[in-house]
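Visitor: Compute the structure for the input listed below.
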Amino acid sequence: MVTILHDKDADLAHLNGKTVAVIGYGSQGTAQAQCLRDSGVHVIIGSRKGPSFDRAVADGFEVMSAGEAAEKADIIHILLPDEFHASVYANEIAPHMKAGKTLSFSHGFNIIYKRIVPPADVDVIMVAPKSPATEERKAYVAGFGVPGLIAVEQNASGNARNVALAMAKAMGFTRAGVLECTFAQETYEDLFGEQNCLCGGVVDLMRYGFEVLTEAGYPGEMAYFEVVHEMKLIVDIIIEKGIGAMNKVISNTAEFGEYYNGPKILPIDVKERMKESLKRIESGEFAQAFLKEFEAGYPNMKAKREELAKHPIEVTGARIRALFEHKK
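Guide: This is a model prediction of the structure:
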């Protein structure tokens, strides 16, 4: 069983006198940088000129190029999209990775797939929220925090774990609870969850359900409520109280249908396909495919986005969501 770490297990003193360079001021960069700063950490931002750079300046940060930030910082915390890490690291950050510095991430992709190979005399850590950035920041401002992960890949200084925990505390993660893992565990589990359950599996399940109902002649609006809108209501109960509690508040008809029909929809071969998916992630096959797509300019992703935008589930969904907008 994994130990859950809290505020008492972390000490912000390990960040005293240190400068943290947050590289990238997108959604996670914005949330994490602001939380660190509000906890008294000296934060600078590394960003190229553009909207993100301007936003960071407007938010009161000292902003400069990634290379300048890496040179000034003791801890370089990279929060760029995964596909941009390697080039920014090689061109701007690597020249400034000296003994005693810490290289930090919120996802292990580029370390595990060896897109970035840091020098042996620097610490390499991960501090990762298990939450979208907006919820992360909202929870911190409310005086709590979201759960998080920490990991240590290189511990040249002997103090890497303490620094990772201190950063997690500064961002509010230890208020909720932090799990200690490895870079490999986080990377493989994160990619697996996204592809098989959270994004891939759930989206396809909703879309197929919508198509089956509408192709059989049922109104799209009713289909959307059944297979998309109510999904959140069910998941919210599961997150708050568990699957058993969810089954207690639905009808007996619905619960019996779960046991009767669920295994017919997601039979054992789905589990076998998930195992194959995990192997593709662990072997690096998926990473290679993703990076090849990136290098080509995302042709398949762009085509899929356009196709999805035209799908009736999105068109109908826009109408349904409008029903819940608060009118002024």
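
Visitor: what's the least confident helix or strand in the chain, going by average pLDDT?
Guide: In the chain, the helix or strand scored least confidently by mean pLDDT, DSSP states H and E is helix 312-322, which has a mean of 89.

Visitor: any idea where the strands of the stretch 1-150 of the chain begin and end?
Guide: In the stretch 1-150 of the chain, the strands defined using DSSP state E, counting those that start in this stretch lie at 4-5, 19-23, 42-46, 62-64, 75-78, 102-105, 123-129, 148-154.

Visitor: Pull up the gap between the residue lying farthest from the centre of the chain and A223, please.
Guide: Here the chain reaches farthest from its C-alpha mean at G217, the gap being 38.2 Å by CA atoms, centre = their mean. Counting by CB to CB, to the nearest Å, the gap from G217 to A223 is 10 Å. To be clear about C-beta, it is placed using only N, CA and C from the backbone, and glycine gets the same treatment.

Visitor: And for E92?
Guide: 50 Å.

Visitor: From V63, how far off is G242?
Guide: For G242 relative to V63 (CB to CB), the value is 45 Å.

Visitor: More neighbours: those two, which one.
Guide: Neighbours around G242 and V63, counted as other CB atoms under 10 Å, are more numerous at V63. The numbers are 21 against 11.

Visitor: Tell me who's in contact with the more buried one.
Guide: Shown in contact with V63 (CB atoms under 8 Å, 6 or more residues apart in numbering): 25, 44-47, 53, 56-57.

Visitor: before we move on, what about A166?
Guide: Contacts of A166 by CB under 8 Å, 6+ apart are 10-15.

Visitor: Then L278?
Guide: With CB under 8 Å, 6+ apart, L278 has these contacts: 188, 192.

Visitor: Mind doing that once more with 6 Å?
Guide: Neighbouring residues of L278 by CB atoms under 6 Å, 6 or more residues apart in numbering: F192.

Visitor: Over to L213?
Guide: Contacts of L213 (CB under 6 Å, 6+ apart): A223.

Visitor: Could you point out the helix or strand that follows the helix or strand containing K232?
Guide: Here K232, judged by DSSP states H and E, is contained in helix 230-241. Per DSSP H and E, the first helix or strand lying C-terminal to helix 230-241 is helix 243-249.

Visitor: which residues of the stretch 151-300 of the chain fall in helices?
Guide: 160-170, 173-176, 183-193, 200-215, 220-224, 230-241, 243-249, 252-265, 268-283, 285-295, 299-310 (DSSP state H, counting those that start in this stretch).

Visitor: looking at those helices, which is closest to G145?
Guide: helix 173-176 (3.8 Å; CB to CB).

Visitor: Buried residues of the closest one, list them for me.
Guide: For helix 173-176, a neighbour-count test (16 or more other CB atoms under 10 Å) marks 173-176 as buried.

Visitor: And the contacts of it?
Guide: 6-7, 10, 144-148, 168.

Visitor: which of these are buried?
Guide: 7, 10, 145-148, 168.

Visitor: among the residues you listed, which two are most distant?
Guide: A10 and V146 (15.1 Å).

Visitor: returning to what we had before: looking at E92 and A223, which one has more neighbours?
Guide: Per other CB under 10 Å, whichever of E92 and A223 has more neighbours is A223, with 22 against 19.

Visitor: which one of the buried ones among the contacts of helix 173-176 is nearest Q34?
Guide: Using CB to CB, the buried ones among the contacts of helix 173-176 come closest to Q34 at G145, 13.1 Å.

Visitor: Check which helices and strands the least confident helix or strand of the chain is in contact with.
Guide: Judged by 3 or more CB pairs under 6 Å, 6 or more residues apart in numbering; DSSP states H and E, helix 312-322 is in contact with helix 220-224.

Visitor: And for D236, the neighbour number?
Guide: 11.

Visitor: What's the separation between the closest residue to H77 other than its chain neighbours and A184?
Guide: Leaving aside its sequence neighbours, H77 sits nearest to S104 (CB to CB, 6 or more residues apart in numbering; 4.2 Å). Noted for S104: a distance of 17 Å to A184, by CB to CB.

Visitor: Could you do Q154 as well?
Guide: With CB to CB as the criterion, Q154 and A184 are 14 Å apart.
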